[in-house]
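> Generate coordinates for the sequence data below:
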Amino acid sequence: MTLRQFEYLVTVVDEGSFTRAAELLHVTQPALSHQIRALERSVGTPLLDRLPRAVRLTPAGRAWLPFARSALADAERAATAARRVGGLECGELAVATVYSLTLGALPPVLRKWRALHPDVRIRLFEHRHADELREAMTRGQADVAVGPRPVEWSGYCHYLGGEEFVLVLPPGTAHDGPVDLRSFADQGWVLPAPGNGLADFVDAACRERGFQPWAAVRTEQTASVPVLAAAGLGPALVPRNVLPETFDGVVVRPDPPVRRELAAFGPKEPDPLTSAFIGLLEQAGWDA
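Alright, predicted model coming up:
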């Protein structure tokens, strides 16, 4: 059982055809078929159903596929790590995060990183919830995670700073300085859908102030929350960094402030290239 055999079968599954997979892999179709049959003999059961015009995974193949993909990804990360130790700044940097940071805080960092390290590919893994991010990093999904500061994390963890949250209201709303969230307790809010980590964070922030926000609108898309609030569908509490410069809604700071602690973390001490990326994160201007 070899990684090459894993790659062959995964490619057949992704392409849905032995012919297209052989062309993509630059091997003959008989050679490809031989290697997959050898893999199936090693596993002890068929992994593919070979139909007249298509191929599909058997139940055993469906169980096997996620582990094969993980093994191939681990092999690529191992090769990248070895090249880094050799002083070669090439390969791939894997970064895991949550959706809201992909919308706001990370793009400027990634743009600067790309300018400094054009030969390093970025592999971005995005998660809806901080718990999902934490679980993915316990499995070693990425070189570094950027997200809400994990509690009782046993690996590497570097505090970055706080992420400011602001209240979004429709254009023309009168206000004179910071506002108490409790003054909006009786209104319907624009909230992220359940399962989105921001939904839990907003609920917790409001509970700390003595009320439970009720949803006038819930949306699956994090980017839609401030847009819907600016359209007059209800107030929304969002990270300031997700708002575009041309945003036309009214943006108000809550009093007391609402902040989320952010960190860069991983299962082990970062290598030099990952440390360089964390250095750029530190320059991103997080709140002290």
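
> Could you check how many residues crowd around residue 96?
Neighbours of residue 96 under the rule other C-beta atoms under 10 Å: 23. Any C-beta I mention is one placed from the backbone N, CA and C, and that applies to glycine too.

> Can you tell me what sits against the strand or helix carrying it?
Assigned by DSSP states H and E, residue 96 belongs to strand 91-98. The set of residues external to strand 91-98 that reach it, using C-beta atoms under 8 Å, 6 or more residues apart in numbering, is 76-77, 79-80, 83-84, 106, 110, 113, 117, 120-130, 133, 136-137, 141-148, 197, 273-274, 277.

> before we move on, what about stretch 109-117?
89, 93, 95, 120, 122, 124, 273, 276, 277, 280, 281, 284.

> out of the residues you listed, which is most surrounded?
Neighbour counts for these (other C-beta under 10 Å) peak at residue 95, which has 26 neighbours.

> Please give me every residue in contact with the one residue sitting closest to the centre of the chain.
Geometric centre of the chain, nearest residue: residue 126, 1.3 Å, by C-alpha atoms, centre = their mean. Residues counted as contacts of residue 126 (C-beta under 8 Å, 6+ apart) are 96, 97, 98, 99, 102.

> State the distance from it to residue 213.
Noted for residue 126: a distance of 25 Å to residue 213, by C-beta to C-beta, to the nearest Å.

> now swap in residue 144 and tell me
33 Å.

> what does residue 8 give?
In this view, residue 8 and residue 213 are 52 Å apart by C-beta to C-beta.

> Just list what the helix or strand harbouring residue 200 packs against, helices and strands only.
Assigned by DSSP H and E, residue 200 belongs to helix 197-208. Applying 3 or more C-beta pairs under 8 Å, 6 or more residues apart in numbering; DSSP states H and E, we find helix 197-208 packed against helix 130-138, strand 188-192, strand 236-239.

> Could I have the CA atoms of the strand holding residue 96 written out in PDB?
Taking Å, rounded to 0.1, in the frame of the first residue of the first chain, the C-alpha atoms of strand 91-98 are listed here in PDB:
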ATOM      1  CA  GLY A  91       5.800  25.000  -0.800                       C
ATOM      2  CA  GLU A  92       2.700  25.700   1.200                       C
ATOM      3  CA  LEU A  93       1.600  27.500   4.300                       C
ATOM      4  CA  ALA A  94      -1.700  26.100   5.700                       C
ATOM      5  CA  VAL A  95      -3.800  28.600   7.700                       C
ATOM      6  CA  ALA A  96      -7.000  27.700   9.500                       C
ATOM      7  CA  THR A  97      -9.400  30.400  10.700                       C
ATOM      8  CA  VAL A  98     -13.100  31.400  11.200                       C
END
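
> Helix or strand next in line after that strand, which one?
Per DSSP H and E, strand 91-98 leads on to helix 99-103 as the next helix or strand towards the C-terminus.

> average model confidence for that next one?
Across helix 99-103, the average pLDDT comes to 90.

> now the angle from the following helix or strand past that helix to strand 91-98?
Of the helices and strands lying after helix 99-103 in sequence (DSSP H and E), the nearest is helix 106-116. Between helix 106-116 and strand 91-98, the angle comes out at 170 degrees (axes from the mean of the first three to the mean of the last three C-alpha atoms, to 10 degrees).

> Pull out the buried residues from helix 106-116.
Buried positions in helix 106-116, judged by neighbour count with 16 or more other C-beta atoms under 10 Å: 106, 109, 110, 113.

> Now do the helix-or-strand element of the chain with minimal mean pLDDT and strand 91-98, the angle between them.
Across the helices and strands of the chain, mean confidence by mean pLDDT, DSSP states H and E is lowest for helix 59-85: a mean of 75. Counting by the same axes, to 10 degrees, helix 59-85 lies at 120 degrees to strand 91-98.

> Now do helix 59-85: which elements does it pack against?
Packing contacts for helix 59-85, counted by 3+ C-beta pairs under 8 Å, 6+ apart, involve helix 3-15, strand 91-98.

> Check which helices and strands the longest one sits against.
The reference is to helix 3-15. Judged by 3+ C-beta pairs under 8 Å, 6+ apart, the packing partners of helix 3-15 are helix 18-25, helix 29-43, strand 48-50, strand 55-57, helix 59-85.

> any chance of those in TSV, with distance to residue 253 too?
As requested, those are arranged in TSV below (distance: least, C-beta to C-beta, whole Å):
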stretch	distance to residue 253
helix 18-25	53
helix 29-43	59
strand 48-50	58
strand 55-57	53
helix 59-85	41
